[in-house]
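S.K.: would you be able to build a 3D model of this:
(2 chains)
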Number of protein chains: 2
Amino acid sequence: HTNRSVNHRYKHFDWLYERLLIKFGSAIPIPSLPDKQVTGRFEEEFIKMRMERLQGWMNRMCHHPVVSNSEVFQLFITYRDEKEWKLGKRKTEKDDIVGVMVFSTVEPPAEDIGLLEAEQKVELFSKFTKTMDDGVKELLNVGQEHWKRCTGALPKEYQKIGKALQNLSQVFTTSGYEGESILTDPLTEAGKTYEEIANLFAEQPKKDLQYLMETNQEYKGLLGCFPDIIGVHKGAIEKAKEGDKLVALNKVTAQEKNTMVNRIGTMSYTFQAEMNHFHSNRIYDYNTVMQHYLQQQVEFYETIAGKLKQALTHFTVQQ
Amino acid sequence: HTNRSVNHRYKHFDWLYERLLIKFGSAIPIPSLPDKQVTGRFEEEFIKMRMERLQGWMNRMCHHPVVSNSEVFQLFITYRDEKEWKLGKRKTEKDDIVGVMVFSTVEPPAEDIGLLEAEQKVELFSKFTKTMDDGVKELLNVGQEHWKRCTGALPKEYQKIGKALQNLSQVFTTSGYEGESILTDPLTEAGKTYEEIANLFAEQPKKDLQYLMETNQEYKGLLGCFPDIIGVHKGAIEKAKEGDKLVALNKVTAQEKNTMVNRIGTMSYTFQAEMNHFHSNRIYDYNTVMQHYLQQQVEFYETIAGKLKQALTHFTVQQ
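M.R.: Next up is the predicted model:
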């Protein structure tokens, strides 16, 4: 994290994203930036949401040990004026240790990893990210549907209940019957309470479901980066597996074959590190968002119960 | 109330209803019996519901001071065998003090009520019952819609949320990442909790909305009786208002005109009594049903909050 306030134009983020993708895209998931514009470009709500998403994206980059320490990222968060920015920009654009070349800068692991084990690990992670992608999309679909109901049909219905009770109370007041108010006063209160509940339902998704959805949206973005990364690793492993054959055919020397296998070791090491980073973040993030969601839901249902309890106190006739 | 268990065939109720309608229908609302059959004649649920409704109808009749003390009603609740029943049945069917004749048995009020005042009171009550009928029907419509959602779309949606969370948890367990269970265990619990919430929603209407609906249904039935009763009174008032004209035209004697006006006094007196009975029952009934509804709703939302709180305790990762 940086305590300096971020004061970047969107195009600067765009540049940062492009550079990070070029440099680390073969090894580290660099999710796309939140959409530049969808509709209502200048609408306040939209701008606020995009800023929050950009902040979320930035936080994720800041939390990555390799990305956050890279020259390009450091430039982005530390430059002080346009001159520094332009200089740094030019310099980092000349960086040619990008893509698979990045692996050459990684310190090799203490012990070698076998080709078969490397392959199995990639395969397992590949399967995992695919099924997680399905799971995340399912939750997003269900959440979207629930959001619509919570902000659409449900408040409309509670509104109607509230109106029907108040309307009935209104009718009752015209009876001219003495002591009518021991029914009409509490009935009106109950009706108003259901109108309040309608509003509580409509406002709730912004308090809990939104964060859950945003987190899943972010993970959908991250997961979308893995097929490329996995493809790079699988390709390298395939090539190394052909090494023995190529040596037999005198197409590569035994020395060259060893270099290939060693490179796989390095790649698998970084891949393993990236997997661990992803898993530990995922466990933390989903723990956080689920706890937040449940806490807000508890508060929501308790608030409704409290309001109904309050409405109940207005009734004084013994049952 | 009677403490003897009611052990009557439906056709006996049918006979009682017919007799009460013939005898008191011009003065007292005698609502129709619950439908004899709709669908699934022998379905347990339906039979149970019809019995409850018959019981409700019986309670209402028992609470009416005139109806409950009538010979026909007393026969119905006290006969001990088929012989007593048949004898009583024959006797009450010969009763010819029925319809408007019933008013002749009423003790006249202490002071006379003016024709104009009688007319105004009938008019006010007529207007009241019409608007109450609208209000009751609105609440029934809204309640029906809410019932459908609570037993249909909503539990399906909470079920889906529950399944999506459990599915995601299932996917996570395949990660092979150490310490995965600090996420997957609580996530599974949260998922199960939403499945339980789905069931709570589906079961809730039977606990609260049903009673509210039944009460409104009953009042819809009562209100449906008033147009006839009001018609009888309006007709009598119209006739009495023409009294002076008829005397002038020598069509009735002054004596006869006075008898007519006096009869209106008696009718207005019983009408007033019936109105008061209706209003005081209505105030008690709606107070009771609303309190019951709100209490059950409070319990419902508190139960959900409690379950979510419980689900929250499974999460152990510090936010």
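S.K.: ok, now which ones touch A:V136?
M.R.: Neighbour list for A:V136: A:N216, A:Y219, A:K220, A:L223, B:L168 [criterion: C-beta atoms under 8 Å, 6 or more residues apart in numbering or on different chains]. Just so you know, the C-beta spots here come from the backbone N, C-alpha and C atoms, and that holds for glycine as well.
S.K.: what about the fourth one, how many neighbours?
M.R.: To tie it back to what came earlier, the one meant is A:L223. Neighbour count for A:L223, taken as other C-beta atoms under 10 Å in any protein chain shown: 22.
S.K.: what sits against the residue nearest to it when sequence neighbours are not counted?
M.R.: Spatial nearest neighbour of A:L223, chain neighbours left out: A:D133 (4.5 Å); criterion: C-beta to C-beta, 6 or more residues apart in numbering or on different chains. By C-beta under 8 Å, 6+ apart, the contact list for A:D133 reads A:K220, A:L223, A:G224.
S.K.: which element follows the strand or helix carrying A:D133 toward the C-terminus?
M.R.: Assigned by DSSP states H and E, A:D133 falls within helix A:115-151. Next helix or strand after helix A:115-151 toward the C-terminus (DSSP H and E): helix A:153-173.
S.K.: what sits up against that following helix?
M.R.: Here helix A:153-173 has contacts from A:180-181, A:183-184, A:187-188, A:190-199, A:201-202, B:128, B:131-132, B:134-136, B:138-139, B:142-143, B:145-146, B:149, B:153, B:282, B:286, using C-beta under 8 Å, 6+ apart.
S.K.: about what we covered before: the contacts of A:D133 in strands, which ones?
M.R.: Using DSSP state E, no member of these falls in strands.
S.K.: what is the nearest of those to B:F73?
M.R.: Set against B:F73, the nearest of the contacts of A:D133 by C-beta to C-beta is A:K220 (70.5 Å).
S.K.: can you give me the distance of that closest one to A:E18?
M.R.: With the distance defined as C-beta to C-beta, to the nearest Å, A:K220 ends up 21 Å from A:E18.
S.K.: centre of the chain versus stretch A:266-276, how much separation?
M.R.: The chain centre lies 22 Å from the centre of stretch A:266-276; the measure is C-alpha atoms, centre = their mean, to the nearest Å.
S.K.: does any bit of that stretch sit next to chain B?
M.R.: Yes - Stretch A:266-276 lies within reach of chain B by C-beta under 8 Å from any C-beta of the partner chain, at A:M275, A:N276.
S.K.: put the alpha carbons of that stretch into PDB.
M.R.: Extracted in PDB, the C-alpha atoms of stretch A:266-276 (Å, rounded to 0.1, in the frame of the first residue of the first chain):
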ATOM      1  CA  THR A 266      12.400 -22.600 -12.700                       C
ATOM      2  CA  MET A 267       9.000 -22.100 -14.300                       C
ATOM      3  CA  SER A 268       7.400 -24.700 -12.100                       C
ATOM      4  CA  TYR A 269       8.900 -23.000  -9.100                       C
ATOM      5  CA  THR A 270       7.400 -19.600 -10.000                       C
ATOM      6  CA  PHE A 271       4.100 -21.300 -11.100                       C
ATOM      7  CA  GLN A 272       3.900 -23.000  -7.700                       C
ATOM      8  CA  ALA A 273       4.600 -19.700  -5.900                       C
ATOM      9  CA  GLU A 274       1.900 -18.000  -8.000                       C
ATOM     10  CA  MET A 275      -0.600 -20.800  -7.200                       C
ATOM     11  CA  ASN A 276       0.100 -20.500  -3.500                       C
END
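S.K.: for that stretch, buried residues please.
M.R.: Within stretch A:266-276, the residues scored as buried using 16 or more other C-beta atoms under 10 Å in any protein chain shown are A:T266, A:M267, A:S268, A:Y269, A:T270, A:F271, A:Q272, A:A273, A:E274, A:M275.
S.K.: which element is the last one on?
M.R.: Think A:M275. Applying DSSP H and E as the criterion places A:M275 in helix A:254-313.
S.K.: helix, strand or coil for A:E203?
M.R.: Three-state call for A:E203 (DSSP: H, G, I helix; E, B strand; the rest coil): helix.
S.K.: for it, grab the count of nearby residues.
M.R.: Neighbours of A:E203 under the rule other C-beta under 10 Å: 13.
S.K.: ditto for A:F76
M.R.: Using other C-beta under 10 Å, A:F76 has 24 other residues around it.
S.K.: could you find the closest non-adjacent residue to it?
M.R.: Spatially, and ignoring its direct neighbours in sequence, A:F76 is nearest to A:L16 (5.0 Å; C-beta to C-beta, 6+ apart).
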